[in-house]
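Trainee: have a look; sequence and predicted model below, questions after that.
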Amino acid sequence: MSDRDIAFAEYFAARSSAMRATAFLLCGDWHRAEDLVQTTFTKLYLRWNRVQRHEALDPYVRKALVSSFIDEGRWGWWRREQPHEGRIERAAEPELSDDRVTLMRALAQVPPRQRAVLVLRYWQDLSVEDTAAALGCSPGTVKSQAARGLDTLRTLVAHPVTAD
């Protein structure tokens with residue numbers, strides 16, 4: 001194994017779980033979250049030699065993850081799905097409390113850009129400027145999208161979303 005591969009494997013082992021949690025908050029489905037993380041880390045691996053500062057990768061990976069999520073919403077994640085023969089073993093999904101289930105259902109109803117802002121600002125605890133950099137927009141856009149997203153969430157939580 002090359003030094004490049006070892007460095008990438010170490011970064012993946014250290015950060016993939018946190019990125020998977022972020023992806024889950026964005027899409028609301030653990031399997032899709034795994035797909036988003038896989039897509040994101042594949043893109044990172046292909047560019048690994050060109051990444052200048054390996055110690056500051058999180059913002060770069062977070063931006064790629066959010067971009068993959070937003071692109072998936074535009075083009076449809078099902079277009080890239082390939083049927084798989086046989087059973088795939090998966091890690092157990094964490095149990096969620098009733099409040100978290102309600103919040104996750106409501107978050108899934110928030111438009112994708114607003115949802116991305118909410119996840120980055122309030123789950124990842126990024127600043128307005130860092131969120132803007134991750135989304136490729138202005139700080140003013142982050143502020144307005146956060147306000148709209150929070151308003152939408154408040155409305156949805158006040159009037160709970162029913163399960164499918």
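Mentor: Cool, got the structure.

Trainee: how far away is the residue most central in space within the chain from residue 142?
Mentor: Using Cα atoms, centre = their mean, the residue of the chain that lies closest to the mean C-alpha position is residue 23, 2.6 Å off. Remark: distance between residue 23 and residue 142 (Cβ to Cβ, to the nearest Å) = 20 Å. Placement of C-beta: from N, CA and C, glycine included.

Trainee: what comes up buried for stretch 20-37?
Mentor: Using 16 or more other Cβ atoms under 10 Å as the burial criterion, the residues of stretch 20-37 that qualify are 20-27, 29-30, 32-37.

Trainee: closest one of the residues you listed to residue 116?
Mentor: Of all these, residue 26 has the smallest distance to residue 116: 6.2 Å, by Cβ to Cβ.

Trainee: what's the closest non-adjacent residue to the closest one?
Mentor: The spatially closest residue to residue 26, leaving aside those adjacent along the chain, is residue 69, at 4.6 Å (Cβ to Cβ, 6 or more residues apart in numbering).

Trainee: was I right about the one you found contacting residue 24?
Mentor: No: no contact is recorded between residue 69 and residue 24 when judged using Cβ atoms under 8 Å, the distance being 10.7 Å.

Trainee: neighbouring contacts of the helix or strand that contains residue 148?
Mentor: Counting by DSSP states H and E, the secondary-structure element that holds residue 148 is helix 139-158. Where contact means Cβ atoms under 8 Å, 6 or more residues apart in numbering, the residues beyond helix 139-158 that reach it are 102-103, 105-107, 109-111, 113-115, 117-118, 121, 128-129, 131-132, 135.

Trainee: mind redoing it with 10 Å?
Mentor: 99, 102-103, 105-111, 113-122, 126-135, 137-138 (Cβ atoms under 10 Å, 6 or more residues apart in numbering).

Trainee: residue 66: how many residues sit nearby?
Mentor: Residue 66 has 27 neighbours, counted by other Cβ atoms under 10 Å.

Trainee: for it, give its distance to residue 9.
Mentor: Residue 66 sits 23 Å away from residue 9 when distances are taken as Cβ to Cβ.

Trainee: so, low pLDDT: which residues of this protein?
Mentor: Counting by pLDDT under 70, the chain shows low-confidence ranges at 52, 54-55, 73-97, 160-164.

Trainee: pull out the buried residues from the helix holding residue 148.
Mentor: Of the residues in helix 139-158, 141-142, 145-146, 148-150, 152-153, 156 count as buried by neighbour count, 16+ other Cβ under 10 Å.

Trainee: and which of those residues is nearest to residue 5?
Mentor: Compare each of the buried residues of helix 139-158 with residue 5 using Cβ to Cβ and the shortest gap goes to residue 142, at 35.9 Å.
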